[in-house]
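Asks: Return atomic coordinates for the entry below.
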Amino acid sequence: MKVATSILNCDFNKLEEEIKKISTSDYLHLDVMDGHFVPNISFGYPVLKNLQNITNISLDSHLMIENPYDYIDDFEKIGSKIITIHIEANKPIETIKRIKNKGIKAGISLKPNTKIEELLPVLETIDLVLVMTVEPGFGGQTFMKEQMKKVEYLAKLREKHGYKYVIQVDGGINDETIDFVRNTGVDIVVAGTYITKSKNPKKAIESLRWK
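Replies: The predicted model follows:
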């Protein structure tokens, strides 16, 4: 199990110091929100543009925005290794193509109330599927274990058709809810508050990995 640490709740006034505390993360997960697609605003290119100067951790950009197509260049510039958009956003097919044409891994996500069938047309072409286990928009929410049915379905489809995507879950992940995630086909877990607000962030990261 790989761990992507969300920096949504980090102190951006001392971001370099905050990132050093989570340096054992496999990815830095960037929750980008526009205040339209989800009811919150987080950060964008102006805040993130210097991340490559302070860390070599792979950047996993999750664009919770209405028009991701218009911002792919910005997230290429910051060095994103993965860019994930939502199936509910505008022009998802075109945006996936744009991401992949830049040599970046493309991910697709869906909100808890969106049916998994909405993803079927893109599964053959994408590199990552992100299953939200909370409503996107705010950190610190309670894990929705019923969403793991989507994970099980995605894992079966991957095996049946030979799809190449990895499965990621995001929302309410901690040392207790991780038990609902193990052995389901999940490859990457995203955790924010549980790690960044821990007295020992590196120990928190390790508690989420496969033993």
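Asks: And the lowest mean pLDDT element among the helices and strands of the chain?
Replies: Ranked by mean pLDDT, DSSP states H and E, the helix or strand of the chain with the weakest confidence is helix 45-48, at a mean of 80.
Asks: Give me the residues contacting that helix.
Replies: Contact with helix 45-48 is made by 12, 30, 71, 74-75, 77-78, as judged by C-beta atoms under 8 Å, 6 or more residues apart in numbering. Yep, even glycine has a C-beta here, placed from its N, CA and C like the rest.
Asks: And the next helix or strand past that helix?
Replies: strand 58-64 (DSSP states H and E).
Asks: how about the CA coordinates for that following strand, as PDB?
Replies: Taking C-alpha atoms only, strand 58-64 is exported to PDB below (Å, rounded to 0.1, in the frame of the first residue of the first chain):
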ATOM      1  CA  SER A  58       5.900  12.900  -6.500                       C
ATOM      2  CA  LEU A  59       3.000  15.300  -6.900                       C
ATOM      3  CA  ASP A  60      -0.500  13.900  -7.200                       C
ATOM      4  CA  SER A  61      -2.800  16.600  -8.200                       C
ATOM      5  CA  HIS A  62      -6.600  16.100  -7.600                       C
ATOM      6  CA  LEU A  63      -8.500  18.800  -9.500                       C
ATOM      7  CA  MET A  64     -11.900  19.300  -7.900                       C
END
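Asks: Quick one: buried ones out of the contacts of helix 45-48?
Replies: Buried residues within the contacts of helix 45-48, counting neighbours by 16 or more other C-beta atoms under 10 Å: 30, 71, 74-75, 78.
Asks: Out of these, which sit inside helices?
Replies: Among the buried ones among the contacts of helix 45-48, the members falling in helices (DSSP state H) are 74-75.
Asks: what's in contact with the lengthiest helix in the chain?
Replies: Ranked by residue count and defined by DSSP H, the top helix of the chain is helix 148-161. By C-beta under 8 Å, 6+ apart, the list of residues contacting helix 148-161 from outside reads 110, 116, 119, 123-124, 129, 131, 133, 163, 165, 167, 169, 180-181, 184-186.
Asks: Now, of those, which are buried?
Replies: 110, 116, 119, 123, 129, 131, 133, 163, 165, 167, 169, 180-181, 184-186.
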